[in-house]
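> build me a model from this:
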Amino acid sequence: MSIKKILISQPRPQSDKSPYFDIEKNRNVEIVFRPFIKVEGLSSKEFRAQKISIPEFTAVIFTARTAVDNFFRLCEETRYQVPDTLKYFCSAESIGLYLQKYIPFRKRKIFHSPTGKFEGLIPLLQKHHKEKYLFAVSDVNKDILANLEKSKLQYTRAVMYRTVPNDFGPDEKFDYDMLVFFSPEGIKSLLKNFPDFEQGGIKIATFGISTAQSVIDAGLRLDLDGSAGAQKSITATLDQFIAEVNGDAETA
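The predicted structure is shown next:
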C-alpha cells in the first residue's frame, strides 16, 4: 500500500521552511502534525512531596525548554528567589538561549553542550564537579541517567512535569497510511486512544531506540526504525522510506 497521508506525532513546525513541507511537495503526500502526548506541570504540592529543596543546589541541568519553563514556574510558586549565582547547564545551545526569557544571558553562568547532545554536556559538568546539580526532568526522562551515574557527580533528579496521553475526539478521523513516533509515551497514547487498534497496512516509523522497542513490546509491526539511520536527519530518513514504498526510489 502506498503512503499518501502521514501523521507526525509532534507539534507543527513554526517555520514554513521545515523539511517536512518539502517532503509533502516532492512526494505528493499529506502530512498532519498531531501530538499524541502533552505535558502537564507538577503542582507545587506535588513537587514538595519529593522533598527536594531548590535553594540547596548551585546549578541546574536542562535538556528541554519545557524543563526551563517549569523550573521557573515552580520557583515562583514556592516563592524562591533565584539567585544570580545559580549556574545553568544545557544539552543544547537553543535551550541556553531560551533562558533569556527568565534571566539576563551571561556566559559565565550558562553552559551548553558543544555537540547539541546530552553526552557532550558531561565533560562540562565534570569540569565543574564541585557544583551540586539539580536535574530538572519529566516523569519519563530516564534514558540518559546512566551517563550521569558513571560521571559520579553530585546531582538530584527533580521531576517537574509529566507526560500524559493527548486524547483524540470521537469525530476525529484516523485515516493515516503512516504513523511516526518519537517516544514510548506516544505508543502508549495510541493504544489508550484506540484500544482495538489494528495495524493492517498502516506503516509505523520510530526515532529512538526505546521508542522502537515499545512498538515491538506492544505487538505491533515496526516498518521503519529511524535509529538505524542515525547518520541521516529524521526528515531525510523519512523521505527515503516514502520514496521506496511509493516507488520513487530513483528520486530519493
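> pLDDT value on the nearest residue to Val32 once chain neighbours are set aside, please?
Residue nearest to Val32 in three dimensions, not counting chain neighbours: Leu7, with 5.2 Å by C-beta to C-beta, 6 or more residues apart in numbering. No exception for glycine: its C-beta is placed from N, CA and C like everyone else's. Note on Leu7: pLDDT of 97.
> can I assume Leu7 sits in a strand?
Yes: Leu7: assigned to a strand according to DSSP: H, G, I helix; E, B strand; the rest coil.
> partner residues bridging it?
In this entry, Leu7 is beta-bridged to Val32, Leu179, by DSSP bridges.
> tell me who's in contact with it.
The contact partners of Leu7, taken as C-beta atoms under 8 Å, 6 or more residues apart in numbering, are 32, 34, 176, 178-180.
> how does it look with 7 Å?
Leu7 is in contact with 32, 34, 176, 179-180, counting by C-beta atoms under 7 Å, 6 or more residues apart in numbering.
> which among these count as buried?
With neighbours counted using 16 or more other C-beta atoms under 10 Å, the contacts of Leu7 contain these buried positions: 34, 176, 179-180.
> can you list those residues in CSV and add distance to Ile242 and pLDDT?
Listed next are these as CSV, based on distance: C-beta to C-beta, whole Å; pLDDT from 0 to 100:
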residue, distance to Ile242, pLDDT
Arg34, 18, 95
Tyr176, 13, 97
Leu179, 13, 98
Val180, 11, 97
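> of those residues, which is the nearest to Lys101?
Arg34 (26.9 Å; C-beta to C-beta).
> distance of the closest residue to that closest one other than its chain neighbours from Ser18?
Excluding the flanking residues, the one nearest Arg34 by C-beta to C-beta, 6+ apart is Leu7, at 5.5 Å. Distance, Leu7 to Ser18, using C-beta to C-beta, to the nearest Å: 16 Å.
> next: Gly226.
For Gly226, the distance to Ser18 equals 17 Å [C-beta to C-beta].
> quick one, which of those two is more surrounded?
Shown here are Gly226 and Ser18; by other C-beta atoms under 10 Å, Gly226 has more neighbours (23 against 15).
> which SS state does Pro13 fall under?
coil.
> likewise Arg157?
Once three-state DSSP is applied, Arg157 turns out strand.
> could you report the pLDDT at it?
For Arg157, the predicted pLDDT is 93.
> skip the chain neighbours and tell me the closest residue to it.
Arg157's closest residue in space is Phe135 (C-beta to C-beta, 6+ apart), at 5.0 Å.
> quick check: which element contains the one you found?
Here Phe135 sits within strand 133-138, counting by DSSP states H and E.
> partner strands of that strand, with direction?
By DSSP bridges, strand 133-138 pairs with strand 59-62 (parallel), strand 155-165 (parallel).
> which of those is buried the deepest?
strand 59-62 (a mean of 24; mean count of other C-beta atoms under 10 Å).
> who's in contact with it?
Contacts for strand 59-62 (C-beta under 7 Å, 6+ apart): 68, 71, 86-91, 95, 128, 131-136.
> what is the nearest of those residues to Phe57?
Using C-beta to C-beta, Leu134 is the member of the contacts of strand 59-62 that lies nearest Phe57, at 4.0 Å.
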